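1. Structure here, sequence nowhere to be found:
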């Protein structure tokens, strides 16, 4: 009889841990994702403005963490702000627009798949192009920092 009572209590306890969605318990996750999207949109806006102003400093020092890793379509990898600097100094005259496709956050870590639209300066003779990018994010002392990215030429179809 004791075993039966124990089994009943365990069953009741497990039923309370059900994975069925509950609007009340989902709200913190929704709020966390909305706050993350707002914070990283601010970082993307800053990055776009820095490109428009031909100023690499905000990108290097306010967007990327000091040990950010960037890997491109050819497998080339740059690690840290010092290695990222020459890349940005070369492309800074372009116009960019970052379009979030799919963001995920869990506590102080998150990632965001984006379309990274690039329009080179007219005098370059290059045509506009888009990268599919994955930005990796970490919240440090209340601020989101990109720890890096991977990218390939292409574009996510926006719904």
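-> Everything's here; your move. Just so it is clear, the structure is predicted and the values come from calculations on it, not from any experiment. Numbering: from 1, shown residues only.
2. What helix or strand is the residue nearest to the spatial centre of the chain located in?
-> With distances taken as CA atoms, centre = their mean, residue 112 lies nearest the centre of the chain, 3.2 Å away. Here residue 112 sits within strand 109-119, counting by DSSP states H and E.
3. What is the subsequent helix or strand relative to that strand?
-> strand 129-140.
4. So which elements touch whichever helix or strand comes after that next one?
-> Next along the chain after strand 129-140, taking DSSP H and E as the criterion, comes strand 143-153. Applying 3 or more CB pairs under 8 Å, 6 or more residues apart in numbering; DSSP states H and E, we find strand 143-153 packed against helix 23-52, strand 64-71, strand 129-140. From N, CA and C alone the C-beta is placed, and that goes for glycine too.
5. mind redoing it with 10 Å?
-> helix 23-52, strand 64-71, strand 77-79, strand 109-119, strand 129-140 (3 or more CB pairs under 10 Å, 6 or more residues apart in numbering; DSSP states H and E).
6. So for the longest one, what gets flagged as buried?
-> Counting neighbours by 16 or more other CB atoms under 10 Å, one finds that the buried residues in helix 23-52 are 36, 39, 40, 43, 44, 47, 48, 50, 51.
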